[in-house]
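> with the input below, show me the fold.
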Amino acid sequence: MCAYNDFTKSNERKSPEEGAPAGAEQMRSVRRAGRTGKEEKTETRSVEPRRKSARRGVMPRNPLPGTTVNARARRRSLKLRTLLWSVVTLVLVLLLTVALYVNSMLNKINFIDSDYTWLRMDPSEADSLTDPDADYPTGTGETEPAGTGDEDPGNPADPGATGKPEPQIAAPFPQDQLRSSSSVKNILLIGSDTRRSGYSARSDVMILLSIDSRNGKLTMSSLLRDIFVNIPGGYKPNRLNAANAFGGPPLLLETVRNNFRVDVQKFMMVDFFSFRDIVDALGGVTIDVKPEEVKYINLSVREMNRLEGRNATTYQLKSSGKQNLNGIQAVGYSRIRKIGSDFGRTQRQRNVLNAVLAKFRSADIGTLHNAVNAVLPYLTTNLSRGDVLDLAAQLPAIVKYPVTELQIPAKGTFEYATAGSHGSVIKIDLYTNNRLLWKTIYGE
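Purely as a prediction, here's the structure:
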């Protein structure tokens, strides 16, 4: 009995730890150590991100493993989306700006719809219409000494004329098929003199511009205004430039197609005032002026000064030689007929066009804008808006194309004739000239 009591008292005096076996005590120590280590480890993981975030001034939303990495990814994604939308917005604004600019430019052009009907002069009245420039003889150069051979078809030394001028009629319409090519775009450039009120708008300048995109070349074929041709629509034979006066550009296009058998459906028509403004917008053009040309340039400049209310001596040339001509002077240069007649005149027109092309090649954006802005209000065309946009897109390449020049009629293929009230005209060999024209444009 005493022994039992002693055992009980002994156990009551011991704490649970003291009464537990050594092995159990070790196991409890291991568990406590494991729990303590886990808690310390967890504390280390949670505190460290807080310190890193605190240095950046940002506290993590959820203090879980990997929280900092996810936040960085979200911020990068947000920045990328913001940048992407900024770029898209900028592109859209630029496209809208370009579209508005292009549309404003196109609105300045006088587009002629395909269903527009040009008024045609009655054939019974057309024959009595006189050419305001008919007092300028086609075949004589009044101030040019005989024998200079300056492309004057009335000069005996000129090999272009064949035989003595005699009354002639225009050759009948050729029956050849119209020549065309999918890679060649033909546009008839028409220059009219609208300065003289009361006169019909005869076409003083007719240049067939052929753009060959496959071979990368331009062909400028000058058609002389005094070529005596048949005009369709019941009109009597007349000068080529009369077709524009009788029925506008559509009749002129039809006349060119019927006589020269080239497929040309489009035209661009400007007057002398617009041509002057183009040259001025480009800063002038460089032309080598001959001594005998100075007088006639100044006569034309004097006339335009009078029409526009300036002093008569304004813009007068002082000397000959290579020099920069402004718009009025360039127009005066290209209109000279009394030196070299129409042959010399068309050559001067091509000289000015080549000088304009040279300026376009080297002009900056601002200068090009000024030039385009100057010509568009004066431009009348049956090109569509899509056609104009296509040409504008190709313009940087087109202005770099080499230029081939052709004059119709060619030397040795024409003779002079007197056609009643029409005075001196040019009768040409259509067969030879047409084949030369086709070969130059299409390589046939």
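> what sits against the closest residue to residue 256 other than its chain neighbours?
Closest residue in space to residue 256, ignoring its immediate chain neighbours: residue 264 at 5.9 Å, by CB to CB, 6 or more residues apart in numbering. Bear in mind the C-beta positions are built from the backbone N, C-alpha and C, glycine included. Remark: with contacts taken as CB atoms under 8 Å, 6 or more residues apart in numbering, residue 264 is in contact with 186-188, 208, 253, 256-257.
> could these be laid out in CSV, adding pLDDT, secondary structure and neighbour count?
Compiled in CSV, the contacts of residue 264 are given as follows (pLDDT from 0 to 100; DSSP: H, G, I helix; E, B strand; the rest coil; neighbours: other CB atoms under 10 Å):
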residue, pLDDT, secondary structure, neighbour count
186, 98, strand, 23
187, 97, strand, 20
188, 97, strand, 23
208, 97, strand, 21
253, 96, helix, 21
256, 97, helix, 21
257, 97, helix, 18
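> for the residues you listed, which two are the farthest from each other?
Farthest pair in the contacts of residue 264 (CB to CB) is 187 and 257. Separation: 13.3 Å.
> quick one: the strands in the protein, in order.
With DSSP state E applied, the chain shows strands at 110-111, 184-192, 203-212, 217-223, 228-229, 238-239, 266-271, 285-289, 321-325, 380-381, 403-408, 414-418, 424-428, listed in chain order.
> of all the ones you listed, which one is nearest residue 346?
The minimum distance between residue 346 and the strands of the chain falls on strand 217-223, with 3.9 Å, by CB to CB.
> the strands of the chain: which one's closest to residue 91?
When these are compared for distance to residue 91 using CB to CB, the nearest one is strand 110-111, at 29.6 Å.
> strands paired with that closest one, and their directions?
Partner strands for strand 110-111, per DSSP bridges, with pairing direction: strand 380-381 (parallel).
> returning to that earlier point: now render the strands of the chain as TSV, adding distance to residue 341.
Below are those laid out as TSV (distance: least, CB to CB, whole Å):
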stretch	distance to residue 341
strand 110-111	32
strand 184-192	17
strand 203-212	13
strand 217-223	13
strand 228-229	15
strand 238-239	13
strand 266-271	22
strand 285-289	18
strand 321-325	21
strand 380-381	28
strand 403-408	12
strand 414-418	10
strand 424-428	9
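> of these, which approaches residue 390 most closely?
Proximity to residue 390 (CB to CB) singles out strand 184-192 among these, at 9.0 Å.
> now do the closest one: which elements does it pack against?
The contact analysis (3 or more CB pairs under 8 Å, 6 or more residues apart in numbering; DSSP states H and E) places strand 184-192 against strand 203-212, helix 242-260, strand 266-271, helix 272-281, helix 430-442.
> in its sheet, what does that strand sit against?
Here strand 184-192 is paired, per DSSP bridges, with strand 203-212 (antiparallel), strand 266-271 (parallel).
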